[in-house]
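A.B. asks: got a structure for you, letters missing:
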Ligand SMILES: Nc1ncnc2c1ncn2[C@@H]1O[C@H](COP(=O)(O)OP(=O)(O)O)[C@@H](O)[C@H]1O
Ligand SMILES: [Mg+2]
């Protein structure tokens, strides 16, 4: 059985469609990445899946229960960490833990055991009486995750848990997600950091409310871009890009620091053509040109551009 | 279920403990109100100083004056004997009222002509002036009546008065307005702790996003609201006790009626006020909006429309209908019945029902709005 099955889920706010007929399944025990730019509709989808927002049409089964008719049962089986910081800044660490344990009905030995676990994963042992407002961002997020799963739910929804957190804390946070996953918890996590997609078993990408790609990282890389990609390292990135974009054989381009990624429309083009064009014709020093397999970012940029073009037409 | 309610209530207490602004609103504000209304706005009219300018110097005028000063409302300060002194004595605030008897008063009385007595009032506020006028009217009327009686007795005719005016201030015999104010004050103070603080405390969770975490938990709305309100119910009861104690210590007000009825009435009122507070929290997205809404729908009406200061009977009909938006109106009737008259439940059971209906209407409205917000 799938942990989550989403069927034709749609949400309209007035005339605006925030989530447009989305379908996907999340397998039991996996880390499921939900990617999309800001405003793509990730939070709206999650809010429907956890039963606090009613879908306009469509339905989903979460842990086997319909979000439309059985949202009470859904709530019993899930944990949720919202995009906004969800703990009380004006309570201490332990007061927050006690509160969330309290509303999930944990007490006695069970409470003590879970409290210890949360303090451990948040790295807050011996700091339980510290005011939550004074904790650093990364620690706050770990504490929020700890309290969100204090009742040991089978499925956890994390909405942009790493946004605004420094890279090292992000790494640590993903370690914690992996730890939970190893314990058998199904995790659906949204992010707009494309690199985090590599940590997920399965991924979906949504753009403007529509699902535009799904699969695991490897499948995405091979299935969605058939044309070869060249990575070009040059001194004058912006100038090079301008020159390249005038060529018919250049499909999409994107910049990654000093590198330009070019998706070719014509597979007969090779490294030599690039050197000729940039260095010999235009006098731009080219350090290196290399054929690469696409990164997930290439795939996403390609897909989003394709989708946006389609929407304009 | 009780554990979950308790978890919310405990959390709320802990937050309140650290929230100085809220503590200020909840505890200090009532004390300030008590001081302002207890002392500064004192409606009591006592020992008004009067001077008498008696140009007639007859038995009639003497009787009339002694009638006036036999009450404790007027103290006779001095007799004066010319017009010029009137202005001087009023300007220098030696007296607040000058009574002027015309020269030909007794002659006119004896020849059955109409007589005019002049009252010159200065240096008091409008409310006191009203009260003075009432007493003077009453005193004058009763003296007139006495004269009529005597006159008729002399001519041997039957005495008949179609309407006998006997102003008596029943439940507040000495027109002690502080006594009258205490019930209104309690209503207002409880409105602050109930409507304002509960709506602010719920909206704050919306504003900060912590409400989402509560919404996905198995906690039901009823549990959430009960947990949220318990601390404020406790605080409201503490505040009510403080006001009653202050009333006793400072103004000698004892609870004439049954204390359990008082508690019952207070609970009914809190139910109505809290459901209004919960309703306000469902329609506001920020604490600022909630505060304004609570102010406009509860605090101001509890001051202006509740009968606290301005009697409802003397308002225009449209406004009288509008007074029903404040539960303080019903509560004040209950409090005055219990505190001042010592009345039993038969005197105010209808008010309890109004409060119950009020509470149910707003809880129902809140539920409807809350359901709708799930689609947004
Ligand atoms: N309650 C709402 N009313 C109207 N529009 C909304 C509401 N919530 C979200 N939206 C709109 O729906 C779109 C998707 O928002 P959201 O799901 O929060 O995106 P994401 O989480 O992917 O950044 C945005 O354009 C947002 O403005
Ligand atoms: Mg979002």
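C.D. replies: The structure has been received and is ready for your questions. What you see is a predicted model, and the numbers here were worked out from it, not measured in a lab. Ligands and ions are numbered 1, 2, ... in the order given.
A.B. asks: Could you check how far the closest residue to chain A within the stretch 201-350 of chain B is from ligand 2?
C.D. replies: The nearest approach of the stretch 201-350 of chain B to chain A comes at residue B:209, 3.1 Å away (Cβ to the nearest Cβ). Any C-beta I mention is one placed from the backbone N, CA and C, and that applies to glycine too. Residue B:209 sits 12 Å away from ligand 2, going by Cβ to the ion, to the nearest Å.
A.B. asks: Just say helix, strand or coil for residue 75.
C.D. replies: I went with chain A, as the question did not name one. Following DSSP: H, G, I helix; E, B strand; the rest coil, residue A:75 is assigned to helix.
A.B. asks: think we crossed wires, I meant chain B
C.D. replies: Applying three-state DSSP: residue B:75 is strand.
A.B. asks: Quick check: bridge partners of it?
C.D. replies: Going by DSSP bridges, residue B:75 is paired in beta bridges with residue B:49.
A.B. asks: Show me the shaky parts of the chain.
C.D. replies: Let's take chain A. A:312-313 (pLDDT under 70).
A.B. asks: was after chain B, sorry
C.D. replies: Applying pLDDT under 70 to chain B flags the ranges B:37-46, B:72, B:123-128, B:156-179, B:374-376.
A.B. asks: Let me see the contact set for the residue nearest the centre of it.
C.D. replies: Centroid check for chain B by Cα atoms, centre = their mean gives residue B:308 as the closest residue, at 2.5 Å. The neighbours of residue B:308, taking Cβ atoms under 8 Å, 6 or more residues apart in numbering or on different chains as the test, are B:181, B:183-185, B:187-188, B:302, B:328, B:332.
A.B. asks: Same list, those, but as a markdown table with distance to residue A:302 and secondary structure please.
C.D. replies: Supplementary listing: the contacts of residue B:308 in a markdown table, determined by distance: Cβ to Cβ, whole Å; DSSP: H, G, I helix; E, B strand; the rest coil:
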| residue | distance to residue A:302 | secondary structure |
| --- | --- | --- |
| B:181 | 76 | helix |
| B:183 | 74 | helix |
| B:184 | 72 | helix |
| B:185 | 71 | helix |
| B:187 | 68 | helix |
| B:188 | 66 | helix |
| B:302 | 64 | helix |
| B:328 | 66 | helix |
| B:332 | 72 | helix |
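A.B. asks: and which of those is nearest ligand 1?
C.D. replies: Ligand 1 has its nearest neighbour among these in residue B:302, at 34.2 Å by Cβ to the nearest ligand atom.
A.B. asks: which residues touch the closest one?
C.D. replies: So residue B:302 contacts B:184, B:187-188, B:191, B:308, B:326, B:328 (Cβ under 8 Å, 6+ apart).
A.B. asks: mind running it again at 6 Å?
C.D. replies: Applying Cβ atoms under 6 Å, 6 or more residues apart in numbering or on different chains to residue B:302 gives the contacts B:187-188, B:191, B:326, B:328.
A.B. asks: Reformat the residues you listed as a markdown table; add neighbour count and distance to ligand 1.
C.D. replies: Formatted as a markdown table, those follow (neighbours: other Cβ atoms under 10 Å in any protein chain shown; distance: Cβ to the nearest ligand atom, whole Å):
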| residue | neighbour count | distance to ligand 1 |
| --- | --- | --- |
| B:187 | 29 | 38 |
| B:188 | 25 | 37 |
| B:191 | 29 | 32 |
| B:326 | 30 | 33 |
| B:328 | 30 | 36 |
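A.B. asks: biggest separation within the residues you listed, which pair?
C.D. replies: Pairwise distances across those peak at 9.7 Å for B:188 and B:326 (criterion: Cβ to Cβ).
A.B. asks: just to revisit the earlier point, could you verify that the residue nearest to the centre of chain B is part of a strand?
C.D. replies: No - with three-state DSSP as the criterion, residue B:308 is assigned coil and is not in a strand.
A.B. asks: so where does the closest residue to residue B:363 other than its chain neighbours fall, helix or strand?
C.D. replies: Spatially, and ignoring its direct neighbours in sequence, residue B:363 is nearest to residue B:275 (4.4 Å; Cβ to Cβ, 6 or more residues apart in numbering or on different chains). Taking DSSP states H and E as the definition, residue B:275 sits inside helix B:259-283.
A.B. asks: returning to that earlier point: count the residues that sit near the residue nearest to residue B:363.
C.D. replies: Using other Cβ atoms under 10 Å in any protein chain shown, residue B:275 is surrounded by 25 other residues.
A.B. asks: end to end, how far does stretch A:128-146 reach?
C.D. replies: The first and last residues of stretch A:128-146 sit 13 Å apart, counting by Cα to Cα, to the nearest Å.
A.B. asks: Please enumerate the helices of chain A.
C.D. replies: Using DSSP state H, the helices of chain A run over residues A:42-49, A:71-76, A:93-103, A:108-121, A:137-148, A:167-182, A:217-224, A:237-245, A:271-275, A:282, A:296-312.
A.B. asks: Let's verify the closest residue to residue B:338 other than its chain neighbours: helix, strand, or coil?
C.D. replies: With Cβ to Cβ, 6+ apart as the criterion, residue B:338 has its nearest non-adjacent residue at 3.6 Å, and that residue is residue B:257. Secondary structure assignment for residue B:257 (three-state DSSP): coil.
A.B. asks: hang on, residue B:257 packs against residue B:341?
C.D. replies: No - if you go by Cβ atoms under 6 Å, residue B:257 and residue B:341 don't touch, sitting 7.2 Å apart.
A.B. asks: Between these two, tell me which one has more neighbours.
C.D. replies: Using other Cβ under 10 Å, the more surrounded residue of residue B:257 and residue B:341 is residue B:257, with 21 against 15.
A.B. asks: Quick check: phi and psi on the residue nearest to residue B:338?
C.D. replies: Main-chain torsions, residue B:257, degrees, to the nearest 10: phi -100, psi -160.
A.B. asks: In the stretch 1-150 of chain B, which residue sits closest to chain A?
C.D. replies: Closest contact between the stretch 1-150 of chain B and chain A, by Cβ to the nearest Cβ, is at residue B:7 (2.5 Å).
A.B. asks: Secondary structure element for residue B:206, which one?
C.D. replies: Per DSSP H and E, residue B:206 falls inside helix B:197-208.
A.B. asks: Can you tell me which helices and strands that helix packs against?
C.D. replies: helix B:221-251, helix B:259-283, helix B:287-294 (3 or more Cβ pairs under 6 Å, 6 or more residues apart in numbering or on different chains; DSSP states H and E).
A.B. asks: Pull the contacting residues for residue B:196.
C.D. replies: residue B:294.
A.B. asks: next one: the one 5 residues further on
C.D. replies: Contacts for residue B:201 (Cβ under 6 Å, 6+ apart) come out as none.
A.B. asks: The residue sitting nearest the centre point of chain A and ligand 1: what is the separation?
C.D. replies: Geometric centre of chain A, nearest residue: residue A:191, 2.7 Å, by Cα atoms, centre = their mean. Distance, residue A:191 to ligand 1, using Cβ to the nearest ligand atom, to the nearest Å: 10 Å.
A.B. asks: hmm, who's touching the helix holding residue B:275?
C.D. replies: B:191, B:194-195, B:198-199, B:202-203, B:225, B:229, B:233, B:236, B:240, B:290, B:293-294, B:327, B:331, B:334, B:338, B:345, B:352, B:355, B:358-359, B:362-363, B:365-366, B:369-370.
A.B. asks: Next: stretch B:100-118.
C.D. replies: Against stretch B:100-118 from outside (Cβ under 6 Å, 6+ apart): B:53-56, B:58, B:60-61.
A.B. asks: so who does residue A:52 touch?
C.D. replies: Residue A:52 is in contact with residue B:215, counting by Cβ under 6 Å, 6+ apart.
A.B. asks: Around ligand 1, which positions in chain A sit nearby?
C.D. replies: Contacts of chain A with ligand 1, taken as Cβ under 6 Å from any ligand atom, map to A:13, A:18, A:36, A:38-44.
A.B. asks: Quick one: residues contacting the residue in the stretch 51-200 of chain B that chain A sits nearest to.
C.D. replies: In the stretch 51-200 of chain B, the residue that lies nearest chain A is residue B:200 (13.7 Å; Cβ to the nearest Cβ). With contacts defined as Cβ under 6 Å, 6+ apart, residue B:200 is in contact with B:287, B:290.
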